[in-house]
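Chemist: A predicted structure for the sequence below; I have some questions about it.
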Amino acid sequence: MRKRLMIVASAVAMFAGLSASAAVAAQPERASDPFVCPVLTVNENAVESTDGRFNEIGEGEYTFGPGAAGSAETFNGNVPSHATNGDGSGSPGGPHSAPGDTDYTAIWSGN
């Protein structure tokens, strides 16, 4: 019984140590001015029938809302730099990642 108690106590102490070290780890670098701009492939008829709800961002790809107009919806700002479209290098109307790419996300960096 004493041996089991020692094993449990050791496991608890080890878990507490891991939790404490994770809590004091440095915060990752954050993207500046991130915004939401999903990349969509939309049928041309759908674009025409939605009265301006879709904005073209180039090469037959669209987004909705103000994303393509340069006044995209801002995000909460708590986004790691490389968790943004194109690992931080994507831009609407310029080179960017789309659904299916490994570095695609609808959250973009404002850099």
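Modeler: Cool, got the structure. The structure presented is a predicted model; accordingly, all values stated were derived computationally and were not measured.
Chemist: give me the pLDDT for the closest residue to residue 31 other than its chain neighbours.
Modeler: With sequence-adjacent residues excluded and distances taken as Cβ to Cβ, 6 or more residues apart in numbering, residue 31 is closest to residue 109, at 4.1 Å. C-beta here means a position set from N, CA and C on the backbone, and glycine is covered the same way. If you check residue 109, the pLDDT there is 79.
Chemist: I'd say residue 109 and residue 85 touch.
Modeler: Yes. Here residue 109 reaches residue 85: they are 7.4 Å apart, a contact under Cβ atoms under 8 Å.
Chemist: dump the residue contacts of the residue nearest to residue 31.
Modeler: Going by Cβ atoms under 8 Å, 6 or more residues apart in numbering, residue 109 touches 31-34, 79, 81, 84-85, 88, 90.
Chemist: how much space is there between it and residue 56?
Modeler: 21 Å (Cβ to Cβ, to the nearest Å).
Chemist: now swap in residue 101 and tell me
Modeler: Taking Cβ to Cβ, one finds residue 101 at 19 Å from residue 56.
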